[in-house]
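In: quick one: sequence plus predicted model below, questions after.
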Amino acid sequence: MAAPAAPAPTGSAAARAVRNVVFVDGVRTPFGKAGPKGMYAETRADDLVVKVIRELLRRHPELPADRVDEVAIAATTQIGDQGLTIGRTASLLAGLPRSVPGYAIDRMCAGAMTAVTTTASGIAFGAYDIAIAGGVEHMGRHPMGEGVDPNPRFLSDRLVDESALVMGQTAENLHDRFPHLTKERADAFAAASQAKYDAAVKAGKIGPEFVPVATRSAEQGWGLATTDEPPRPGTTVEGLAELKTPFRPHGRVTAGNAAGLNDGATGCILAEEETAKELGLPIGMRMVGYAFAGVDPEVMGVGPVPATEKALSRAGLKIDDIGLFEINEAFAVQVLAFLDHFGIADDDPRVNQWGGAIATGHPLASSGVRLMTQLSRQFAERPDVRYGITTMCIGIGMGGTVIWENPHWNGGEK
Ligand SMILES: CC(C)(COP(=O)(O)OP(=O)(O)OC[C@H]1O[C@@H](n2cnc3c(N)ncnc32)[C@H](O)[C@@H]1OP(=O)(O)O)[C@@H](O)C(=O)NCCC(=O)NCCS
């Protein structure tokens, strides 16, 4: 095995300068429905991550594996096949050289997003040149809340309301806080998400980022996962109106206007811009800045609002500078709260133009890199757009936003 190339000296504090970080490329497994009938029911979570890492390297033979300086993989439930420092174990299983280190990350739904921002910060600082960041959640093998032991003081000291720990109830709370965000609006947004996703699949926009996964089932034998399992094309607002409200009697949140319970993994290559050029790696997008913010855990869905305000203000940008939005659709009401705050219409074409998690699924810690991968591919189609954001709400009351610049920007010509 070749010895890793000696890194360029970056250690002198006096000489230190922040370096540009680029998103090279992202891939994901098709997402599955969690549960015994789901396509990944008998597939290990760490094997999904292995597929993603191997696919990134397969697509980029110009990247010598020993130039990867770090592998950060997120999972919300870090036990069993999602435990054991999954960034490290999945790297070894994927055949990366033993000299490449790895670690695990948890920030619930924003796990992969945090894997990106954390390794990107390491790149900007000069600690790494190249990193692989991603996430996985096998909600079939690891149902939400598995093994958790919340400190009783949360409730006895009334630090949070009981509903703060049940994400669907936090979405009901958001409907309470913003009564004008009605169930009808949430259902219309959800039906549109399904329709946009369906159109994007038919137009060949969704799929090029997939790595097919061999599956097995004791009943059905071997299979190959090549498409997302959760989407429900043909969803209508009339059909959605009939659904039960599992989080509250006569509530507003349903299986149709919420993301489901899903299995899947995502990953991306991040690089210092000059290193990417030196190696001939493509530049999908350039990181402008990011921010995370805390909100009341009882209304965690509002998190993207302060996170985006913070990220925009630190970057010296305004919401009108953003030409494309990839917002995670944990719940329709939570996206509506974001759009409403910034004065963006529910059906604004800049928002989730290929549909969102309500259609495609939301394997918690993996989703951040799905948003980024889609945004980078939209940038390539839209040289008239300079900036885009990826943003998501996060359990226990947080939001995360990353602002990206389009390397294909043509100065604004349509
Ligand atoms: C909402 C939730 C409880 C629903 O779980 P579920 O009951 O297993 O969901 P199902 O897929 O079985 O759907 C329930 C029903 O709605 C129907 N349905 C779901 N989506 C539909 C759609 N788009 N159109 C019409 N019907 C739909 C299903 O067919 C099913 O009908 P049935 O009861 O007659 O079989 C679950 O998806 C959930 O907890 N989601 C939130 C996940 C979450 O919190 N993530 C973290 C975010 S921070």
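Out: Yes, it's here.

In: ok, Ser121 - how many residues close by?
Out: 15 (other C-beta atoms under 10 Å). To be clear about C-beta, it is placed using only N, CA and C from the backbone, and glycine gets the same treatment.

In: go on, Ala195?
Out: Residues near Ala195, counting by other C-beta under 10 Å, number 16.

In: where does it land in three-state SS?
Out: Put simply, Ala195 is helix when judged by DSSP: H, G, I helix; E, B strand; the rest coil.

In: let's have the chain start at 279 instead
Out: In the new numbering, first residue 279, that becomes Ala473.

In: quick one: it and Thr514 touch, right?
Out: No: using C-beta atoms under 8 Å, Ala473 makes no contact with Thr514, being 9.5 Å away.

In: get me the contact residues on the stretch 479-628 of the chain for the ligand.
Out: 510, 513, 517-518, 521, 524, 533-534, 536-539, 608 (C-beta under 6 Å from any ligand atom).

In: again, only using 5 Å
Out: 510, 513, 517, 521, 524, 533-534, 536, 538, 608 (C-beta under 5 Å from any ligand atom).

In: contacting residues around Phe570?
Out: 385, 388, 392, 395, 585, 672, 676-679 (C-beta atoms under 8 Å, 6 or more residues apart in numbering).

In: in strands, which of those appear?
Out: 672, 676-679 (DSSP state E).

In: can you tell me the element Ala492 falls in?
Out: strand 491-495 (DSSP states H and E).

In: sheet-wise, list the partners of the next helix or strand along the chain from that strand with their directions.
Out: Downstream of strand 491-495, the first helix or strand assigned by DSSP H and E is strand 499-503. Its sheet considered, strand 499-503 pairs with strand 491-495 (antiparallel) by DSSP bridges.

In: give me the phi and psi for Arg419.
Out: The phi and psi values for Arg419, taken as degrees, to the nearest 10, are phi -80, psi -30.

In: is it true that it touches Gly361?
Out: No: between Arg419 and Gly361 there is no contact under C-beta under 8 Å: 11.3 Å.

In: quick one, which of these two is more surrounded?
Out: Neighbours around Arg419 and Gly361, counted as other C-beta under 10 Å, are more numerous at Arg419. The numbers are 21 against 16.

In: quick one: contacts for that one?
Out: 322-323, 358-360, 541.

In: which of the residues of the stretch 479-628 of the chain next to the ligand are buried?
Out: 510, 513, 533-534, 536, 538, 608 (16 or more other C-beta atoms under 10 Å).

In: before we move on, the earlier item: so which bits of the strand holding Ala492 are buried?
Out: 491, 493, 495.

In: can you pull out the strands in the chain?
Out: Using DSSP E, strands in the chain cover 299-306, 310-311, 348-352, 380-383, 408-416, 491-495, 499-503, 540-550, 563-572, 600-605, 665-672, 676-683.

In: from what I can see Val479 touches Gly485, true?
Out: Yes: using C-beta under 8 Å, Val479 is in contact with Gly485, at 6.7 Å.

In: ok, the closest residue to the ligand within the stretch 329-478 of the chain to Ala571 distance?
Out: Nearest residue of the stretch 329-478 of the chain to the ligand, counting by C-beta to the nearest ligand atom: Met445, 3.4 Å away. In this view, Met445 and Ala571 are 18 Å apart by C-beta to C-beta, to the nearest Å.

In: neighbour-wise, which of those two wins?
Out: Per other C-beta under 10 Å, whichever of Met445 and Ala571 has more neighbours is Met445, with 25 against 20.

In: Met578 is in contact with the more buried one, correct?
Out: Yes: applying C-beta under 8 Å, one finds Met445 in contact with Met578, separated by 7.1 Å.

In: joint contacts of the two?
Out: Gly673.

In: for the stretch 279-428 of the chain, which segments count as helices?
Out: Using DSSP state H, counting those that start in this stretch, the helices of the stretch 279-428 of the chain run over 323-337, 364-371, 389-403.

In: from the chain's centroid, how far away is the second one?
Out: Counting by C-alpha atoms, centre = their mean, to the nearest Å, helix 364-371 is centred 20 Å from the centre of its parent chain.

In: who's in contact with it?
Out: 323-325, 327-328, 331, 349-351, 353, 356, 376, 378-383, 393, 410, 414.

In: out of those residues, which end up buried?
Out: 323-325, 327-328, 331, 349-351, 353, 356, 378-383, 393, 410, 414.

In: spatially nearest residue to Pro509 (excluding sequence neighbours)?
Out: Nearest non-adjacent residue to Pro509, counting by C-beta to C-beta, 6 or more residues apart in numbering: Ala637, 4.5 Å away.

In: number of nearby residues for that neighbour?
Out: 30.
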